[in-house]
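1. My questions are about this predicted structure, shown below with the sequence.
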Amino acid sequence: MKIHRIEYDRIGHGANVARDVAPEPRPVFRLPPMDSVVYDTRGAYDAQDDLNGIGQVFAAPGPRALATEAVHAGREDLAALGLHAAPIDLSTTYPSYDSRGEAARIDAFAADGAEPEGPPVYARLGNPTVARFETALARLEGTESAVAFASGMAALSAVLLVRNAMGLRHVVAVRPLYGCSDHLLTAGLLGTEVTWVDPAGIADALRPDTGLVMVESPANPTLAELDLRAVAHSCGSVPLLADNTFATPVLQRPAEHGARLILHSATKYLGGHGDVMAGVVACDEDFARRLRQVRFATGGVLHPLAGYLLLRGLSTLPVRVRAASSNAAELVRRLAADPRVARVHYPRIGGAMIAFEVHGDPHDVIAGVRLITPAVSLGSVDSLIQHPASISHRIVPTEDRHESGVSDRLLRLSVGLEDVDDLWSDLDGALGYTNGG
């Protein structure tokens with residue numbers, strides 16, 4: 001059996017090239033030891049060290065490992081507040097007896113998008129609970145700031161509106177992307193014009209009005225990977241937006257490779273439990289200020305309860321990604337050895353996402369699972385399977401879908417935390433229903 005991966009040219013991916021992978025003893029998926037991934041968090045405290053507007057400023061910690069940041073980022077002030085768990089602030093508005101001062105703070109936000117100093121003003125301007133999540137995610141991604149939204153699509157829309165407002169309506173993008181991202185760009189719903197290219201064609205596609213280059217690596221749903229550093233070099237001065245939803249900062253940090261904007265559908269791995277919808281953009285503070293102004297004007301704010309659930313989700317993100325990735329690596333080995341499976345796609349950086357193509361009818365596999373949930377979305381503690389051509393990428397024109405490697409026999413599996421033998425038993429039974437079984 002062959003596992004299909006992406007072979008690299010100088011910049012990014014070419015066509016899928018089959019590589020022989022002989023089944024081996026059950027592998028153990030390993031990420032670098034947590035204490036070897038160290039972040040200097042001191043700079044992050046300059047912008048947001050007073051999360052509750054209470055005038056208390058805490059000394060910045062020294063470099064800390066990812067696992068430590070995941071648990072403690074955005075929570076450093078809790079002990080001083082006499083709290084252990086982060087509070088949920090559900091207020092939509094906040095009292096102020098100084099209307100002149102209030103007006104000055106609102107004017108300042110309108111001018112530069114900086115977060116208002118002092119206590120909160122109005123929930124559309126910002127929320128303390130959401131701010132904790134934004135602080136934590138920025139630290140995990142290694143950026144100055146992060147701005148959260150009501151969904152991943154709201155986050156992407158805000159990025160496009162920021163660039164459109166500057167007269168930069170042209171976008172260069174590499175397929176495949178998430179199907180709705182593809183549609184948003186292709187349909188021009190926000191006044192954008194998109195040029196679709198292979199990674200090697202990015203530089204030649206840039207124009208004076210190009211405001212953004214967008215990629216997704218590993219890509220949804222084929223798991224194609226890009227050399228982000230080479231792509232960023234090709235972008236020149238144009239910001240590179242990298243969708244990091246599948247990888248999470250546990251597996252890669254695009255900012256370290258030159259991406260200015262990192263997009264997440266936080267609904268997926270960051271939340272991790274299938275009970276919160278959100279999006280977030282990690283970026284430098286200058287771009288974050290523009291995003292906050294768009295968020296305020298358009299109303300795509302994240303609910304505080306969602307912010308709380310996301311902050312809690314981040315604390316177990318490294319553990320969840322490691323465990324699910326270990327399951328995925330074993331399922332890849334078994335799928336690769338199964339004669340009912342034509343191809344298996346799995347990224348070089350690992351992770352908990354698998355794509356595979358069957359000889360039989362993929363719809364029979366969807367109908368045959370009993371433990372694995374047949375549903376759109378991904379990144380939850382439980383395993384999900386879906387047929388991209390029918391659901392997540394249905395909105396992409398058929399020819400474009402096929403050209404980007406999304407075949408009609410492709411299935412996308414988000415591997416969860418169940419016992420791997422139970423997962424395989426379910427897949428094995430479902431594959432038995434296909435015509436190739």
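-> Good, I have the coordinates.
2. CA only for contacts and neighbour counts going forward, please
-> Noted.
3. pLDDT at the residue positioned nearest the centre of the chain, what is it?
-> In the chain, the centroid-proximal residue (C-alpha atoms, centre = their mean) is T245; its distance is 2.1 Å. Looking at T245, its pLDDT is 98.
4. lowest average confidence, helix or strand, in this protein?
-> Least confident helix or strand of the chain, by mean pLDDT, DSSP states H and E, is strand 13-20 with a mean of 37.
5. I'd assumed I391 was in a strand, is it?
-> No: under DSSP: H, G, I helix; E, B strand; the rest coil, I391 sits outside any strand and is assigned coil.
6. What residues does the residue nearest to it when sequence neighbours are not counted make contact with?
-> Closest residue in space to I391, ignoring its immediate chain neighbours: V376 at 7.0 Å, by C-alpha to C-alpha, 6 or more residues apart in numbering. Shown in contact with V376 (C-alpha atoms under 8 Å, 6 or more residues apart in numbering): 384-386, 391-392.
7. Tell me which helix or strand V376 sits in.
-> In the assignment (DSSP states H and E), V376 maps to no helix and no strand.
8. Tell me how far it lies from T267.
-> 12 Å (C-alpha to C-alpha, to the nearest Å).
9. same check, this time on L311
-> As for L311, its distance to T267 is 12 Å (criterion: C-alpha to C-alpha).
10. Between those two, which has more neighbouring residues?
-> Between L311 and T267, L311 has the larger neighbour count (other C-alpha atoms under 10 Å), namely 29 against 26.
11. pretty sure the more buried one contacts F133?
-> Yes: counting by C-alpha atoms under 8 Å, F133 is a contact partner of L311 at 4.9 Å.
12. from the contacts of V376, which is closest to R169?
-> S392 (25.5 Å; C-alpha to C-alpha).
13. Could you give the number of residues near the residue nearest to that closest one when sequence neighbours are not counted?
-> Of all residues beyond its chain neighbours, the one nearest S392 is G179 (5.6 Å), with distances taken as C-alpha to C-alpha, 6+ apart. Look at G179: counted by other C-alpha under 10 Å, it has 21 neighbours.
14. Who are the contact partners of G179?
-> Contacts for G179 were tallied using C-alpha under 8 Å, 6+ apart; they are 392-396.
15. out of those residues, which are buried?
-> When these are checked for burial by 16 or more other C-alpha atoms under 10 Å, the buried set is 392-393, 395-396.
16. Could you list the low-pLDDT ranges of the stretch 51-200 of the chain?
-> Low-confidence segments of the stretch 51-200 of the chain (pLDDT under 70): 51-61.
17. And the helices in it, which stretches?
-> Counting by DSSP state H, counting those that start in this stretch, the stretch 51-200 of the chain has helices at residues 66-72, 99-112, 128-141, 152-165, 179-187.
18. need the ones you listed in CSV with distance to S234, can you?
-> CSV is the format used below for the helices of the stretch 51-200 of the chain (distance: least, C-alpha to C-alpha, whole Å):
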stretch, distance to S234
helix 66-72, 30
helix 99-112, 30
helix 128-141, 22
helix 152-165, 19
helix 179-187, 20
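19. winner for burial among those?
-> Highest mean neighbour count among the helices of the stretch 51-200 of the chain (mean count of other C-alpha atoms under 10 Å): helix 128-141, with a mean of 25.
20. which SSE is V231 in?
-> Here V231 sits within helix 228-235, counting by DSSP H and E.
21. Point out the other helices and strands that that helix packs with.
-> If you count contacts as 3 or more C-alpha pairs under 8 Å, 6 or more residues apart in numbering; DSSP states H and E, helix 228-235 packs onto helix 202-205.
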